[in-house]
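1. sequence unavailable; structure follows:
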């Protein structure tokens with residue numbers, strides 16, 4: 001029993017390494033800043049191409065004080081790989097010495113985002129069809145990805161769709177019910193301009209492919225369209 005518990009614990013609770021202030025400062029001094037806010041730097045690209053993502057606990061009373069956002073990020077990465085969903089590759093989990101910070105060092109997922117595809121006018125009907133089936137597959141696998149939008153879905157060189165920026169995710173051991181699927185659709189477009197750039201004909205293909213691929217949980221195309229266009 002102890003051996004089983006230990007194996008479960010180690011699989012669930014990944015160990016972290018202290019990232020010293022000196023090492024962090026060295027990395028930041030030579031890195032490309034990809035994202036920051038008024039709290040500070042959030043994401044940087046190191047000189048070797050790896051990504052360092054820094055997480056902060058912004059509230060005094062938060063579950064992240066016990067199970068960090070970075071650790072949740074790593075857990076999601078591991079589960080996605082187990083489910084054969086292309087995603088980033090975690091290299092190291094860190095805790096920082098101050099300010100309730102944690103961080104993850106990872107290799108990015110190669111490819112182009114869906115947003116880049118339609119911005120470059122390179123999105124095809126086949127892409128839209130595969131994207132609809134991919135989204136149905138995520139929901140049928142129990143993946144509720146709050147960050148599911150065109151900037152976080154990547155088309156890999158192998159022609160598969162994968163996920164990045166996987167912090168806000170819950171993976172259930174059952175298919176998502178209609179309520180969560182609808183909520184996920186309502187989050188997909190960042191704004192009306194994105195939907196327009198994606199193209200109405202491609203949106204119709206995506207919706208049709210989603211409904212055709214969705215297993216057991218039957219979705220009406222009209223319902224999917226209603227929530228997909230909700231702003």
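-> Yep, that arrived. None of these values were measured; they are calculated from a predicted model. Residues are numbered from 1 along each chain as shown.
2. lowest mean pLDDT among the helices and strands of this protein, which one is it?
-> The helix or strand of the chain with the poorest confidence is helix 2-12; it has a mean of 41 (mean pLDDT, DSSP states H and E).
3. list the helices and strands the helix or strand just after that one packs on?
-> Going down the chain from helix 2-12, the next helix or strand is strand 17-19, by DSSP states H and E. Counting contacts by 3 or more Cβ pairs under 8 Å, 6 or more residues apart in numbering; DSSP states H and E, strand 17-19 packs against strand 89-96. C-beta coordinates here come from the backbone N, C-alpha and C atoms, glycine included.
4. so for the helix or strand that comes right after the strand it packs on, mean pLDDT?
-> The helix or strand immediately downstream of strand 89-96 is strand 101-107, counting by DSSP H and E. When pLDDT is averaged over strand 101-107, the result is 94.
5. and the next helix or strand after strand 101-107, what's its mean pLDDT?
-> Helices and strands here follow DSSP H and E; after strand 101-107, the next one along the chain is strand 112-113. Average pLDDT, strand 112-113: 97.
6. identify the residues contacting strand 112-113?
-> With Cβ atoms under 8 Å, 6 or more residues apart in numbering as the test, strand 112-113 has contacts from 150-155, 164.
7. buried ones among the residues you listed?
-> Applying 16 or more other Cβ atoms under 10 Å to the contacts of strand 112-113, the neighbour count classes 150, 152-155, 164 as buried.
8. so which of the residues you listed is the closest to residue 127?
-> Residue 127 has its nearest neighbour among the buried ones among the contacts of strand 112-113 in residue 155, at 7.0 Å by Cβ to Cβ.
9. quick one, phi psi at the residue nearest to the spatial centre of the chain?
-> Nearest to the mean C-alpha position of the chain, counting by Cα atoms, centre = their mean, stands residue 166 at 2.7 Å. Main-chain torsions, residue 166, degrees, to the nearest 10: phi -90, psi 30.
10. show the contacting residues for it.
-> Shown in contact with residue 166 (Cβ under 8 Å, 6+ apart): 73, 76-77, 80, 87-88, 145, 147, 152.
11. quick one: which of the contacts of strand 112-113 is nearest residue 54?
-> residue 164 (16.1 Å).
12. quick check: phi and psi at the closest one.
-> Note on residue 164: backbone dihedrals following degrees, to the nearest 10 are phi -130, psi 170.
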